[in-house]
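Enquirer: below are the sequence and a predicted model for it; my questions follow.
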Amino acid sequence: MRTDNVIRNMIFALLQAIVGMFFPFVVRACTIKYLGSEYMGLNNLCTSVLHVLSVTDLGLENAFAFQLYKPVAQRDKEEVCRLLNCYKKIYFVIGMTVLGIGVMILPFFQHFISSDVPEGVNVYLIFFVYLLNTVISYIFFAYKSLLFIADQRKDYESIILTVYFCVLYTIQILLLRAHQYYLSVFVMPVCTLIAKIVRNQIAIRKYPDYNPHGVVTESQKAALKTDAFSIAVYKFRDISRDTFDSIALSTMKGLVVLSNYQNYYMVMNVPLLLLNMFYANILPSIGNFAISNDSKEIFDVYKKMAFIMTRMAGWFAICYCFLIQDFIVIWLGTEYQMSWRIVVLFSTYIYLYGETKIAQIMREGIGMWQQGRIWAAVEMVVNLGLNVLLLVWIGTEGVILATVISVLLISIPAENRIIFSRCFVGKGRDKLKSMGINVLWLMGTAGIVGLLCRIAPHVQYVSFIYKMCVCALIPPLTCTICFYRTEEFRFFQNIMRRVIRK
């Protein structure tokens, strides 16, 4: 049943991801083509600043969902209603806090921009609309999505978001083509509000007995407060990996450099989005599984999920490395290309992200929120310091190099140490061996793909299609040859057969 839930959720999440990845590329291209890179850089900066402000939610969604797994599974209506009422109040406070901090930042917003301000654009008004859009996402029925997560029915959320993306981005594309920049921004909070109302109505019909009322116990409040601080540290760490990069680039290099960097980051975000899709849809099932099974069974699940996620990360990293430069030329033009060093660093980060994410899945799925928060804080400080230092020393490449160093040397060892010292005791050597095999497979496969891509035709579109075929076929082929006898590979085959049957 859990596997069926994961498969169903992932099918609809994949549809959401495809729509959510395709339209932003079109919107970005239209913004740059019809308005200019300065406008795209301004949008990126607003998003990055508000991403920082959104840390006020402390990343509590997973902790909220974890508290709901058991009562939802047991159909304990009173307990679910009490928790929902608590979450509703917390999300409202979060929304108001974001609004208050955002209004205080508003007079100083232009100081985040060193140059390339779009002519005739009121940057304060644009930032306020982005702020309003973020606040709406918190104060209007945000807690209802937790029911879908706890009940392992994230497919409802995926369908809502898919429709939301289609409507919002289509309207924005039409407005950008008509050079209506202000309207393309103003439409965001309107569409967000409508999507929240629709989600609420679906939740009411699906879960008519789950309404927010009642008061949680003091012990539950204490547990939530204890977890909140730890989760906040992890949330700050995650923000330090990407969002602060954009703010640093805008402050020190300007909006045009930020826009060019974000072109590469946006493409890299596609595989990260797919990995997060996998992460988000297996986390509820792991949490549900963890409350009723022993550590040996959980470790078996971990090995199978780690196999899938690391192979996905390696495959995505190879595709990015050998396709991104050609894609940028086709998408935007040669003048928007950046150095190969940027490409290699982004590709490395994709793979490292997959390695650290699977350990994070297990830690959060089991409910280990407090462990390792000191190392998360250390990583955040190191990453922020390296961001500034390396940006000054080696230029734009420094911001992504800082992230690669901090993830490789701090995050991966710390996250794995937590779960292997507290949950999977005695299994650490198995993990180290697995990581070594993963790297050998990745390096060997990348070498084969690189050799084949060197003999690509010289016609631009033909070359890109040829490289796409090579990147699409070689990693799965080498994976099959190397691992077809393993239990993890057979598990993956069974999942794929069930996906195809569905």
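Expert: Thanks, I have it.
Enquirer: contacts, neighbours, all on C-alpha from now
Expert: Fine.
Enquirer: quick one: buried residues of stretch 79-96?
Expert: By 16 or more other C-alpha atoms under 10 Å, the buried positions in stretch 79-96 come out as 79-88, 90-95.
Enquirer: swap in stretch 162-172?
Expert: T162, Y164, F165, L168, Y169, I171, Q172.
Enquirer: out of those residues, which two are the most distant from each other?
Expert: T162 and Q172 (15.4 Å; C-alpha to C-alpha).
Enquirer: circling back to that earlier point, now the buried residues of stretch 162-172 as CSV including pLDDT?
Expert: Listed next are these as CSV, based on pLDDT from 0 to 100:
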residue, pLDDT
T162, 86
Y164, 87
F165, 87
L168, 89
Y169, 88
I171, 92
Q172, 89
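Enquirer: looking at those, which is nearest P189?
Expert: Closest to P189, out of all of those and judged by C-alpha to C-alpha, is L168, at 9.8 Å.
Enquirer: helix, strand or coil: sort out the closest one for me.
Expert: Under DSSP: H, G, I helix; E, B strand; the rest coil, L168 falls in the helix class.
Enquirer: just how off-centre is stretch 16-27 within its chain?
Expert: Averaging C-alpha positions (C-alpha atoms, centre = their mean, to the nearest Å) puts stretch 16-27 14 Å from its chain's average.
Enquirer: state the mean pLDDT of that stretch.
Expert: Per-residue pLDDT over stretch 16-27 has a mean of 78.
Enquirer: so where do the helices sit in the stretch 301-450 of the chain?
Expert: Secondary structure of the stretch 301-450 of the chain (DSSP state H, counting those that start in this stretch): helices located at 340-366, 373-394, 397-406, 412-422, 428-454.
Enquirer: nearest to L99 among those would be which one?
Expert: Here helix 373-394 is closest among those (C-alpha to C-alpha), at 25.0 Å.
Enquirer: for that closest one, packing partners?
Expert: Helix 373-394 sits against helix 218-253, helix 397-406, with contacts defined as 3 or more C-alpha pairs under 8 Å, 6 or more residues apart in numbering; DSSP states H and E.
Enquirer: which stretch in those helices is the model least sure about?
Expert: When the helices and strands packed on helix 373-394 are compared on mean pLDDT, helix 218-253 scores lowest, with a mean of 71.
Enquirer: just the pLDDT for G450.
Expert: 93.
Enquirer: list the contacts of the closest residue to it other than its chain neighbours.
Expert: The shortest distance from G450 to any non-neighbouring residue, by C-alpha to C-alpha, 6 or more residues apart in numbering, is to F322 (7.3 Å). By C-alpha atoms under 8 Å, 6 or more residues apart in numbering, the contact list for F322 reads G450, C453, K467, C471.
Enquirer: state the distance from the last one to A446.
Expert: Counting by C-alpha to C-alpha, to the nearest Å, the separation of C471 from A446 is 9 Å.
Enquirer: the more surrounded of those two?
Expert: Between C471 and A446, C471 has the larger neighbour count (other C-alpha atoms under 10 Å), namely 27 against 22.
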